[in-house]
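Engineer: Please work out how this folds:
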Amino acid sequence: MSGPDPETKMQFLFALRSRGVTDSHVLEAMEQIDRGLFVRGIFAQRAYEDTPLPIACGQTISQPSVVGLMTQALQISPRDTALEVGTGSGYQAAILAKLARRVYTIDRHARLVRKRGWF
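Structural biologist: Next comes the predicted model:
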């Protein structure tokens, strides 16, 4: 997938803003990271909806507005280091990586990590 079309991206960002994600750095990071790369199978067509979606191991990829609000609450600066526990799909880690100097992330489900190709 090459990313959402411009209208879908605009609707995605509008949904984030309307749910309280107002930090320009967070919005920019979320615009740059293609959520579609983190959703596979039958749910891929729903990647840009503001809804959690199932991934492997009985886990979910969080809904974008929750990711945005949590990230915004962290007030991350480019000099910060972030630790994420529960990598899941890797979407949150990718957003954090746009904002922080370093991101460390772990997951207890090796299958999820292997699926992402991180080792």
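Engineer: quick one: the residue nearest the centre of the chain from Leu53, how far?
Structural biologist: Relative to the mean C-alpha position of the chain, the nearest C-alpha, by CA atoms, centre = their mean, is the one of Tyr91, at 3.1 Å. Noted for Tyr91: a distance of 10 Å to Leu53, by CB to CB, to the nearest Å. From N, CA and C alone the C-beta is placed, and that goes for glycine too.
Engineer: And for Ala94?
Structural biologist: Applying CB to CB, the value for Ala94 to Leu53 is 15 Å.
Engineer: now swap in Gln59 and tell me
Structural biologist: Relative to Leu53, Gln59 is positioned 10 Å away (CB to CB).
Engineer: same deal with Ile42?
Structural biologist: For Ile42, the distance to Leu53 equals 10 Å [CB to CB].
Engineer: Those two: which is more packed in?
Structural biologist: Applying other CB atoms under 10 Å to Ile42 and Leu53 shows that Leu53 carries more neighbours, namely 20 against 9.
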